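Participant: Dropping the sequence and predicted coords here.
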Amino acid sequence: MSGRALIPRAPGRAAGVVFLLVLCLLLGACRVELYRDLTESTANELLSALLERGIVAEKVSLGKTGFAVEVDEADQLRALEILRDLGLPKPVYDGLGTVFRKEGMMSSPMEERARFAYALSQEIAASCARLDGVVDARAHVVLGERDVTTGSVTPASAAVMLRYAPEAPINQYLQQIQQMVVQSVPDVAAERVSVLFFPVMGDVTRPERPVLSDIFGIKVLRGSAERARTAGVLIFLAGVAAGCGGLVVFRRVVRGTGQARSGTR
């Protein structure tokens, strides 16, 4: 019997299986999706907002469908609260070109007026949302109308609601916002334009300084500290298993070689 036939391979395979299990645990360690099918700019905006506030987040490419943002499962609730209070991801506003896209049959005059009022509301809200410090913007437009039977006139009016970061001086833009609405809505008077400001409650709009933890002499974000500890323990166990397996293999090889030499004598 040759010495090669006496070499056992089971311990080596066991060590390989342990290594693969550790690798799978590290790669899929409790990650959950917050949002998917995002544009890259939107995903980057969410990623930046979470990282600035100490949440360990990752941007994952989904191919043709866009991107997803993932966080640790333990941070999911906190991350959702932060994004909600920041008004992220920001709503997609429909412009005039979208609302009045040519499709289907012709609309009635009433439907056209409703669509026009909605399109104006979307355009105004989109413009206000671009102001520094604005977290969320909504606009409501009522077009002026004359009743043909009674001759009474319903004057045009508009209302704008802005949620803003408390530290942002958004109130100083009141007159400019009113002027923009007056010039956007047909036949609306300045006194018929209301602009309402609501500060975001809490301090999530203010970026936090990341809190670092010391793991094996390495500084990591607090949110990833537990994962780092788990990874270290699993890698250590994998190393111990591989070392034990190698030692068993070595001893059996030595024993098999000795038996082979004894048999040839």
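Facilitator: Received it, and whenever you're ready, just let me know what you need.
Participant: just the strands in the stretch 151-265 of the chain please.
Facilitator: Counting by DSSP state E, counting those that start in this stretch, residue ranges of the strands within the stretch 151-265 of the chain are 153-154, 156-164, 188-199, 212-215, 218-221.
Participant: ditto for the stretch 1-150 of the chain
Facilitator: So, for the stretch 1-150 of the chain - with DSSP E, counting those that start in this stretch - the strands run 31-38, 57-61, 67-72, 134-142, 145-146.
Participant: and the angle from the third one to strand 31-38?
Facilitator: Going by axes from the mean of the first three to the mean of the last three Cα atoms, to 10 degrees, strand 67-72 is angled at 160 degrees with respect to strand 31-38.
Participant: and the angle for strand 67-72 with strand 57-61?
Facilitator: What separates the directions of strand 67-72 and strand 57-61 is an angle of 150 degrees, with the same axes, to 10 degrees.
Participant: Give the pairing partners of strand 67-72; include direction for each.
Facilitator: With DSSP bridges as the test, strand 67-72 is paired with strand 31-38 (antiparallel), strand 57-61 (antiparallel).
Participant: Okay, Asn171 and Ala156: tell me how far apart.
Facilitator: The spacing between Asn171 and Ala156, counted by Cβ to Cβ, to the nearest Å, is 25 Å. No exception for glycine: its C-beta is placed from N, CA and C like everyone else's.
Participant: And Asp132, by the same measure?
Facilitator: Asp132 is 29 Å from Ala156, where distance means Cβ to Cβ.
Participant: so where's this protein uncertain?
Facilitator: By pLDDT under 70, the low-scoring segments of the chain are 1-29, 95-106, 202-234, 236-238, 241, 245-250, 253-254, 256-265.
Participant: Now with 50, please.
Facilitator: With pLDDT under 50 as the threshold, the chain has low-confidence stretches at 1-8, 10.
Participant: Could you double-check that Val182 lies in contact with Val188?
Facilitator: Yes - here Val182 reaches Val188: they are 5.9 Å apart, a contact under Cβ atoms under 8 Å.
Participant: quick one: which of the two has more around it?
Facilitator: The residue with the greater number of neighbours, taking Val182 and Val188 and applying other Cβ atoms under 10 Å, is Val188; the counts read 22 against 17.
Participant: wait, what's in contact with the closest residue to Glu58 other than its chain neighbours?
Facilitator: Sequence neighbours aside, Glu70 is the residue nearest to Glu58 in space, at 4.9 Å (criterion: Cβ to Cβ, 6 or more residues apart in numbering). Glu70 makes contacts with 31-34, 57-58, 60, as judged by Cβ atoms under 8 Å, 6 or more residues apart in numbering.
Participant: Please report the distance of Leu80 from Glu191.
Facilitator: Plainly put, Leu80 is 41 Å away from Glu191 if you go by Cβ to Cβ.
Participant: More neighbours: which of these two?
Facilitator: A count of neighbours by other Cβ under 10 Å puts Leu80 above the other of Leu80 and Glu191, at 13 against 10.
Participant: Wait, that one touches Tyr35, no?
Facilitator: No - in terms of Cβ under 8 Å, Leu80 does not count as a neighbour of Tyr35; the distance is 9.6 Å.
Participant: Spit out the contact partners of Met180.
Facilitator: Contacts here follow Cβ under 8 Å, 6+ apart; on that basis Met180 touches 124, 127.
Participant: Mind doing that once more with 10 Å?
Facilitator: Met180 makes contacts with 124, 127-128, 160, 173, 193, 195, as judged by Cβ atoms under 10 Å, 6 or more residues apart in numbering.
Participant: now Thr154
Facilitator: When contacts are counted by Cβ under 10 Å, 6+ apart, Thr154 touches 142-147.
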